[in-house]
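> Starting from these lines, generate the structure:
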Amino acid sequence: MKIKRALFVPGKSAFFFDDQKAIKKGAKADGFVYQGQPITSGFERIRMAGESISVILELDDGQLAVGDCAAVQYSGVGGRDPLFLAANYLPFMRKHLQPLLEGLEIGTFRQMVESFEDLSFEGKRLHTAIRYGLSQALLEARAKAEKKLKCEVICEEYSLPVIPSKVKIFGQTGDDRYTNADKMILKEVEVLPHALINNIEDKLGRNGEKLKDYIRWLVNRIISLRLNNNYHPDIHIDVYGTLGLIFDSDLDKVADYLASLEKETAGFNLYIEGPVDLEEKSRQLEGLARITRKLEAMGSKVKIVADEHCNTFSDIKEFGDARACHMIQIKTPDLGGIQNVIESNLYCKSKGIEAYQGGTCNETDISARSCVHVAMATRPERMLAKPGMGFDEGFMIVNNEMERIIQILKIKYRES
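Reported below is the predicted structural model:
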């Protein structure tokens, strides 16, 4: 079977692109936008509408395979590719990719994506967003040709067992960390709430007191609202490096503070993502490793999650080899092709590091559903409910796709 036609369709993502440099330099919020001039190249304003491009592959039997190109909210910084605006990339994709795709024989997923992963034009690789969307479409093309689910194709090509059971879903509240936490508890989300602790004065507190208060509130809220005493979610909070700021990058003080949070959790597992941001990968790796080792030496059960400066498969291998943390966020659009997400999940597990298959609020329903198939095949410890910042919609998309996959697999493998 071959690809008969390739189409590239501009669309909107579920959130926005934000100029992180301008925000960190003090850009003031004005309603939903920010005042001031952008700093990062490509931004016309500090907050811009998120965009995507759908890759639609028509197979020669009339079936359609789709993937969505999308990039993270904070694009263009931290070693990431430039801002992904459809108008800037559509002409390129139509000129250079369409001829390569049309007439392509549908081989294995791994063979097809390999030929595009290192493809370059004028010395530049394809934008990570393009590789991300293209790999989704090629995976679906292979699945359609084989009349299998996408997760089955992954299991087959990577010699993985087919397991028809849930992967934990991680809900993110955005700034509405109280109301959305209530929603998560009512829907019995397995991991919550993210909480977006990216501000010292309003969210963390100069001595970390506001975060302690929030954890205490959250634990009490879980206990008071749950109808089933067996509902025991993991608590996972992203602090965006702010602990390093209030403790002047004193890693021992950061570790001591993190250990003190455990007594507020009433036995719930606590994960803290990005306790410090030391601005360079080598310093970040060493800093997180030091915090992790001290927590373990203290007998603390608080777990550290790596995010910043751990963007590529190569980065993930470095952090994993160094055992610099307890868990790594695999931020799916930053890795380019989803085969790198697959490899990252499997590598983390091989090293005894927990894998958090994350992503961004700035994705689409198509990319989110593709990621569910990756998670169902590779079994990370959790995956993000995405896209969007409203919780309900992203959770519905990910949860329902997962439930559909489980029931289909149970029927197929029971019958076989």
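> what about A297, which helix or strand?
Assessed by DSSP states H and E, A297 sits inside helix 281-298.
> So what touches that helix?
For helix 281-298, the external contacting residues (Cβ atoms under 8 Å, 6 or more residues apart in numbering) are 244, 249, 251-252, 254-255, 258-259, 275-278, 302, 304, 306, 308-310, 315, 318-319, 322-326. C-betas here are computed from N, CA, C, even on glycine.
> Would you mind writing the ChimeraX command to select the buried ones in these?
Buried members of these, defined by 16 or more other Cβ atoms under 10 Å, are picked up in ChimeraX with:
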select :244,249,251,254,255,258,259,275,276,277,278,302,304,306,308,309,310,315,318,319,322,324,325,326
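> In strands, which of the contacts of helix 281-298 fall?
Using DSSP state E, the members of these that fall in strands are 304, 306.
> What are the boundaries of the helices in the stretch 301-416 of the chain?
313-321, 338-350, 365-378, 392-415 (DSSP state H, counting those that start in this stretch).
> which of those sits most buried?
Sort the helices of the stretch 301-416 of the chain by mean neighbour count, taking mean count of other Cβ atoms under 10 Å, and helix 365-378 sits at the top with a mean of 25.
> mean confidence score for it?
Summarised as a single mean, pLDDT over helix 365-378 is 98.
> Quick one: work out the angle between it and helix 392-415.
Angle, helix 365-378 to helix 392-415, by axes from the mean of the first three to the mean of the last three Cα atoms, to 10 degrees: 40 degrees.
> got a list of what Q357 touches?
Applying Cβ under 8 Å, 6+ apart to Q357 gives the contacts 167, 330, 332, 341, 345, 371, 374-375, 378, 380, 382-384.
> Quick one: low-confidence residue ranges for this protein.
When residues are selected by pLDDT under 70, those of the chain lie in 415-416.
> Kindly recompute the last result at 80.
24, 78-79, 415-416 (pLDDT under 80).
> re earlier: how about the helix holding A297: buried residues?
Under 16+ other Cβ under 10 Å, the buried positions of helix 281-298 are 281, 284-285, 287-292, 294-296.
> Other residues contacting stretch 215-232?
With contacts defined as Cβ under 8 Å, 6+ apart, stretch 215-232 is touched by 178, 181-182, 185-186, 188, 192-193, 233, 235, 237, 261, 264-266, 268, 270.
> Which ones among the residues you listed map onto strands?
192-193, 235, 237, 270.
> Quickly name whichever of those residues is closest to I408.
Nearest to I408, judged by Cβ to Cβ, of the ones in strands among the contacts of stretch 215-232 is L192 at 27.5 Å.
> what sits opposite the closest one in the beta ladder?
With DSSP bridges as the criterion, L192 is bridged to I235.
> longest strand in this structure, by residue count?
The chain, longest strand under DSSP E: strand 3-18.
> Can you name every helix or strand that that one contacts?
In terms of contacts (3 or more Cβ pairs under 8 Å, 6 or more residues apart in numbering; DSSP states H and E), strand 3-18 is packed against strand 47-59, helix 86-92, helix 98-101.
> In terms of secondary structure, what does the first one contact?
Judged by 3+ Cβ pairs under 8 Å, 6+ apart, the packing partners of strand 47-59 are strand 3-18, strand 64-69, helix 86-92, helix 128-146.
> how about 10 Å then?
Under the contact definition 3 or more Cβ pairs under 10 Å, 6 or more residues apart in numbering; DSSP states H and E, strand 47-59 sits against strand 3-18, strand 33-34, strand 64-69, helix 86-92, helix 128-146, helix 365-378.
> among those, which is nearest E105?
With distances scored as Cβ to Cβ, the stretch of those nearest to E105 is strand 3-18 (8.3 Å).
> Quick check: can you name the pairing partners of the closest one and their directions?
strand 47-59 (antiparallel).
> by how many degrees do the strand it pairs with and helix 128-146 diverge?
Using the same axes, to 10 degrees: strand 47-59 against helix 128-146 is 30 degrees.
> In strand 47-59, which residues are buried?
Neighbour counts using 16+ other Cβ under 10 Å place 47-48, 50-55, 57-59 of strand 47-59 among the buried residues.
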